[in-house]
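Novice: Here is my input; please provide its structure:
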Amino acid sequence: MTTPAAHRPRHHDALFTALACVCALAVLDVAIGLIARMPGDARKPPSALAMYFDFGSSLEGKLRRLAGPADSLAAPVAHAGWLDPATWPPPQPVPAGKRSIAVYGQSFTYAIMDTLAAHDTSVVLRPLGGPSAPPSHLYALWRVDRRRTHADICVFGLLASSVRGMASATAATWEFESPYPYTYPHWRLAGDSLSAAWPSVTSLAALRATLADPARLAAWEHELAREDDGYEPLLFRGGLSDRSVLVRLLRRAWAQRQMRERLARLHGAAGFASGAEAMRVLPVMLADFARGVRADAGVPVVLLLQDQGYDDHLVRVLGPALRAAGVPFVSTDAIAPASVAANFMPDGHFIGPVNRRLAAVVDSLLGSGPAGH
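Specialist: Residues are numbered from 1 along each chain as shown. From the prediction side, this is the model:
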């Protein structure tokens, strides 16, 4: 005898509803995964929909895709920022009568210095850096580069929003949603100087080999767990979980929460936290950079690049130390306040007129040599 629906136990209805929801979610998960697939070729830009649902993929999965099966098949961003000089363009001879400028920075720094070079034909630029490059990465690049070639002027571009990357050992962990694979040391104070364990993975080829070898991957994860405050196994490891859109969305939400908490310990509306490790390391790092450049018969210049949300926070904490050490520097807050939205393009970079004004100040600084602006 069939039980009428009106007399069917309520727990049966609840179970049926739960199973129907699970099945619907599973179908939706698979369907979205098929529709919003990332391109198989890492060199091809993904659609906006595919990119959105990929934000929560594991770092391991993203790095595998970015690295590709060979350097020639890797994503363009995967080539940038590595510490292995063999991957850098070879130094070019500087024509007589020209000044060589080594530029350690990111897109903000390059835009200013490219503008300067376009109007001052007496300079020849040699740019080194990486996307969103934090100071610890640039400091490592300079230390490697100074053993290779001389520059008359060395420019260090310090971007306020990238300071948070100093607690990491790769631009992948603190840029979780759109990671950059390059690695660098996590510098720490050792008395009055700095110390760090240099990364074992220093090139795209080394990264690819590490991802292909479970033992090497485990060793690298152990290294990141020790040296990178942003490393979390839950965010790093992928496997089958990367196939689920729902898991990716949950992982992204967790990553955003973790990044907000880490940033809050470093920076807030009132500025950078004076007790944060980065604020203790940076003055020592910049002073060593300036001493080293001068010992190499060069001129050091520091750019304090304060992007949106950072007002004059960098110059407040670093300006006194730079002035005391006589290090020439330019702070963007005096020329293009970060609180004025009109100074920035939609993507967050300075607009062209601002870059021209900043370039003119840097050019003037190189000619007259004052201690700061």
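Novice: contacts and neighbour counts: CA atoms only from here.
Specialist: Will do.
Novice: Can you get me a residue count around residue 148?
Specialist: Residue 148 is flanked by 11 other residues according to other CA atoms under 10 Å.
Novice: Does residue 189 belong to a helix, a strand or coil?
Specialist: Classification of residue 189 by DSSP: H, G, I helix; E, B strand; the rest coil places it in strand.
Novice: Now do the same contact list for it.
Specialist: By CA atoms under 8 Å, 6 or more residues apart in numbering, residue 189 lies in contact with 195, 280, 281.
Novice: next one: residue 281
Specialist: With CA under 8 Å, 6+ apart, residue 281 has these contacts: 187, 188, 189, 194.
Novice: Mind putting these into JSON lines with pLDDT and distance to residue 52?
Specialist: Formatted as JSON lines, these follow (pLDDT from 0 to 100; distance: CA to CA, whole Å):
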{"residue": "187", "pLDDT": "97", "distance to residue 52": "33"}
{"residue": "188", "pLDDT": "96", "distance to residue 52": "36"}
{"residue": "189", "pLDDT": "94", "distance to residue 52": "39"}
{"residue": "194", "pLDDT": "96", "distance to residue 52": "39"}
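Novice: most surrounded residue in those?
Specialist: The contacts of residue 281, ranked by neighbours (other CA under 10 Å): first place residue 187, 27 neighbours.
Novice: separation between residue 147 and residue 105?
Specialist: Applying CA to CA, to the nearest Å, the value for residue 147 to residue 105 is 18 Å.
Novice: Report the mean per-residue pLDDT for whatever helix or strand residue 323 lives in.
Specialist: Per DSSP states H and E: residue 323 is located in helix 313-324. Computed over helix 313-324, the mean pLDDT rounds to 95.
Novice: rewinding a little: mind checking which of residue 147 and residue 105 has more residues around it?
Specialist: Set residue 147 next to residue 105 and count neighbours by other CA under 10 Å: residue 105 wins out with 29 against 9.
Novice: who's the more buried one bridged to?
Specialist: Counting by DSSP bridges, residue 105 is bridged to residue 129.
Novice: And the pLDDT at it?
Specialist: Residue 105 is given a pLDDT of 97.
Novice: now the strands for the stretch 101-250 of the chain?
Specialist: For the stretch 101-250 of the chain, applying DSSP state E, counting those that start in this stretch gives strands covering 123-129, 153-159, 188-190, 193-195.
Novice: so which of those gets nearest residue 286?
Specialist: Ranking the strands of the stretch 101-250 of the chain by their distance to residue 286 (criterion: CA to CA) puts strand 153-159 first, at 8.6 Å.
Novice: quick one: contacts of the closest one?
Specialist: Applying CA under 8 Å, 6+ apart, the contact partners of strand 153-159 are 99-106, 108-109, 132-135, 138, 293, 298-307.
Novice: Any of the residues you listed buried? List them.
Specialist: Burial by neighbour count, 16 or more other CA atoms under 10 Å: within the contacts of strand 153-159 this picks out 99-106, 108-109, 132-135, 138, 293, 298-307.
Novice: Look up phi and psi at residue 88.
Specialist: Torsion angles at residue 88 (phi, psi; degrees, to the nearest 10) stand at phi -90, psi 160.
Novice: And it, how far from residue 71?
Specialist: From residue 88 to residue 71 the distance is 14 Å (CA to CA).
Novice: Next: residue 246.
Specialist: 32 Å.
Novice: Looking at the two, which one has more neighbours?
Specialist: More crowded of residue 246 and residue 71, by other CA under 10 Å: residue 246, with 20 against 15.
Novice: Tell me the confidence at residue 165?
Specialist: Here the pLDDT value assigned to residue 165 is 97.
Novice: Check whether it really touches residue 174, as I assumed.
Specialist: Yes: in this structure, residue 165 is within contact of residue 174 by CA atoms under 8 Å, at 6.0 Å.
Novice: Rounded mean pLDDT for the helix or strand harbouring residue 330, please.
Specialist: For residue 330, the host element (DSSP H and E) is strand 329-331. On average, the pLDDT along strand 329-331 is 96.
Novice: cool, and stretch 207-221?
Specialist: 97.
Novice: cool, and stretch 292-309?
Specialist: Rounded mean pLDDT across stretch 292-309 is 96.
Novice: Stretch 253-264 too?
Specialist: The model assigns stretch 253-264 a mean pLDDT of 95.
Novice: Next: stretch 230-239.
Specialist: Averaged across stretch 230-239, the pLDDT comes to 93.
Novice: which outside residues touch it?
Specialist: 57-61, 167-168, 173-174, 224-225, 251, 255.
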